[in-house]
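Colleague: When you get a sec, could you give me coordinates for this:
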Amino acid sequence: MPSFVSRRQRRSCDQRKVERVSVTASAPAKINLVLSVGPLREDGYHELATMFHAIDRRDTVTVESGPSGSGVTLSVEGEGADGVPLDDTNLAARAAMILAQRTGRVADVRIHINKTIPVAGGLAGGSADAAATLVACDALWGTRMTRTRLTELAAELGSDVPFSVHGGTMIGRGRGEDLTPVLAHAELTWVIWPNSLGLSTPTVYAECDRLRGDRLIPSPSIDEAVVSALRADDPRLLGPLLSNDLQEAAISLRPELADVLAEGDGMGAIAGIVSGSGPTTVFLTENEAEAKIMSVKLGIFYPDSPAFVARGPAPGARLED
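Modeller: Numbers count the residues shown, from 1 in each chain. Predicted structure coming up:
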């Protein structure tokens, strides 16, 4: 016999759907299969062409309504929590505030971040937190923003945040916010080695500029061969094509990264590069079994910064049960 719900009960149920007490969302880390850095623009940013690739290492954000007038409050736990700011410089806090401003809401919300993505590691952990917060607050407040509109808001927060909303594998241009999906479904397995000491992204870009000096820098581009390798679903075709124009600058600031890359090469990785602005290094492997062996070996060499295995592509920001 079907259950009966009175109109009063139904109205209460409907109200709970809109006025949720708390919402949890997650978003993935990213690596850059290619990062081509062009000249410095007038707005202070560099023109970029990059191939984003989301991996299945995710930060989780839970938001809940706070008392009237409480504003945005933040708490953080997990890997590198001590290095995460708890004021309005935090991208997650800014994400809640910008969504509230655009939708006429009052940003009285508690945000709790559970981190598994290394902080200041070139894996876009802060951007992932912002993307997850946008999705979570949208559900909490019932603002029903389209994914396109959330992406537009994400672009106001930072260059990597729009990709964190989408996930998968995408080409980014401009500052990285102008996204084009890559029509390929290659599944890749990585060993990720996070350096225990982070690197500031602005510092790495400044070092890149210093090393380039007065050289004429061409417009950034993505080699079509990278897309072809992804479509072929063959990591050995992709490996030699991985590149990062910030790698030289990251190694200049952290010379030990060159040793880590050499160790990974000696352990049989197909290829290894610094991810984004670093100092995280990522190694493309043939399969998961080889990745697990390599991660254990790296852990023996570098016990203070244990490596982990990750797979991609992974979905972007999404609600969690």
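Colleague: Quick check: mean pLDDT of stretch 255-272?
Modeller: Across stretch 255-272, pLDDT averages out at 95.
Colleague: buried sites along that stretch?
Modeller: Within stretch 255-272, the residues that qualify as buried are 257, 258, 260, 261, 263, 264, 267, 269, 270, 271, 272, counting by 16 or more other C-beta atoms under 10 Å. Heads up, the C-betas are built off the backbone N, CA and C, glycines and all.
Colleague: quick one: contacts for the first one?
Modeller: This means residue 257. 195, 250, 251, 274, 278, 279, 281 (C-beta atoms under 8 Å, 6 or more residues apart in numbering).
Colleague: Next up, the contacts around residue 290.
Modeller: Neighbouring residues of residue 290 by C-beta under 8 Å, 6+ apart: 189, 268.
Colleague: Next SSE downstream of the host helix or strand of it?
Modeller: Using DSSP states H and E, the element containing residue 290 is helix 288-301. As assigned by DSSP H and E, the chain's next helix or strand after helix 288-301 is strand 308-312.
Colleague: Give me the distance between the two termini of stretch 29-48.
Modeller: 19 Å (C-alpha to C-alpha, to the nearest Å).
Colleague: what ranges do the strands span in the stretch 101-250 of the chain?
Modeller: 109-115, 169-174, 178-181, 188-193, 243-244 (DSSP state E, counting those that start in this stretch).
Colleague: Out of those, indicate the one that is most buried.
Modeller: Comparing the strands of the stretch 101-250 of the chain by mean neighbour count (mean count of other C-beta atoms under 10 Å), strand 188-193 ranks first with a mean of 25.
Colleague: Low-confidence stretches in the stretch 1-150 of the chain?
Modeller: 1-20 (pLDDT under 70).
Colleague: Go again with 50.
Modeller: 1-18 (pLDDT under 50).
Colleague: And the helices in it?
Modeller: 7-18, 91-103, 125-141, 147-157 (DSSP state H, counting those that start in this stretch).
Colleague: Show me how the protein divides into domains.
Modeller: 20-181, 188-312 (automatic domain parsing).
Colleague: What is the distance between the last one and the centre of its chain?
Modeller: A distance of 15 Å separates the centroid of the chain from that of domain 188-312, by C-alpha atoms, centre = their mean, to the nearest Å.
Colleague: Just the terminal-to-terminal distance for it.
Modeller: Taking C-alpha to C-alpha as the criterion, the two ends of domain 188-312 lie 5 Å apart.
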